[in-house]
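Chemist: give me the fold of what follows.
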Amino acid sequence: MRNLTGPSTDLAASFSSIRQEIFEATDAGRTACVTCHTPVGRMPAGGLNLVTDPYGALVNAVSTGKRNMLRVVPGNPEASYLIHKLQGRSGIAGDRMPFNGPPFLTSSEIHVVKRWIEIGAPR
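Modeler: Model prediction:
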């Protein structure tokens with residue numbers, strides 16, 4: 001089980017780590033993001049497909065909930081709608097993610113996602 005006070009030793013500020021440890025994993029009752037954001041048998045929640053090409057669906061991609069925002073703006077986590085949704089900020093369309101939370105991502109997990117964006121959101 002992942003240490004809930006901080007990211008697991010396997011979680012790093014890289015896309016592959018975030019994909020494997022956050023998007024595709026469950027921990028402490030949190031549902032994996034790919035549970036809802038999948039094209040398998042349905043339209044992905046929010047039009048965000050995290051299964052087929054998650055990088056392309058996130059980086060420099062327009063949000064369907066907030067068409068004036070990009071999901072991930074490389075180098076700028078504050079302008080990245082993904083961070084707004086993960087933190088449940090006011091003004092988001094719909095609910096904080098994951099939709100069926102709590103539990104939500106820990107502040108440390110969100111910090112790792114923010115750090116990946118800060119360093120340019122490399123593939």
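
Chemist: now the helices for this structure?
Modeler: For the chain, the helices defined by DSSP state H occupy 15-18, 54-58, 81-87, 107-118.

Chemist: nearest to residue 34, of those?
Modeler: With CB to CB as the measure, helix 54-58 is the member of the helices of the chain nearest residue 34 (8.4 Å). Every C-beta, even on glycine, is put in place using the N, C-alpha and C of the backbone.

Chemist: just list what that closest one packs against, helices and strands only.
Modeler: For helix 54-58, there is no helix or strand it packs on, judged by 3 or more CB pairs under 8 Å, 6 or more residues apart in numbering; DSSP states H and E.

Chemist: quick check: buried residues in it?
Modeler: Judged by neighbour count (16 or more other CB atoms under 10 Å), helix 54-58 contains these buried residues: 54, 55, 57, 58.

Chemist: tell me the spacing between the last one and residue 73.
Modeler: Computed with CB to CB, to the nearest Å, the distance linking residue 58 and residue 73 is 10 Å.

Chemist: nearest to the spatial middle of the protein, which residue is it?
Modeler: In the chain, the C-alpha nearest the mean C-alpha coordinate belongs to residue 82, at 5.6 Å (CA atoms, centre = their mean).

Chemist: check the gap between that one and residue 61 for me.
Modeler: In this view, residue 82 and residue 61 are 10 Å apart by CB to CB.

Chemist: now for the two: what residues contact both?
Modeler: Counting by CB atoms under 8 Å, 6 or more residues apart in numbering, the residues touching both residue 82 and residue 61 are 71, 72.

Chemist: so where's this structure shaky on pLDDT?
Modeler: 1-9 (pLDDT under 70).

Chemist: how does it look with 80?
Modeler: 1-10, 27-28 (pLDDT under 80).

Chemist: backbone dihedrals for the most far-flung residue of it relative to its centre, both of them.
Modeler: Distance from the C-alpha centroid of the chain, by CA atoms, centre = their mean, peaks at residue 41 (21.4 Å). Backbone torsions of residue 41, given as degrees, to the nearest 10, read phi 80, psi 10.
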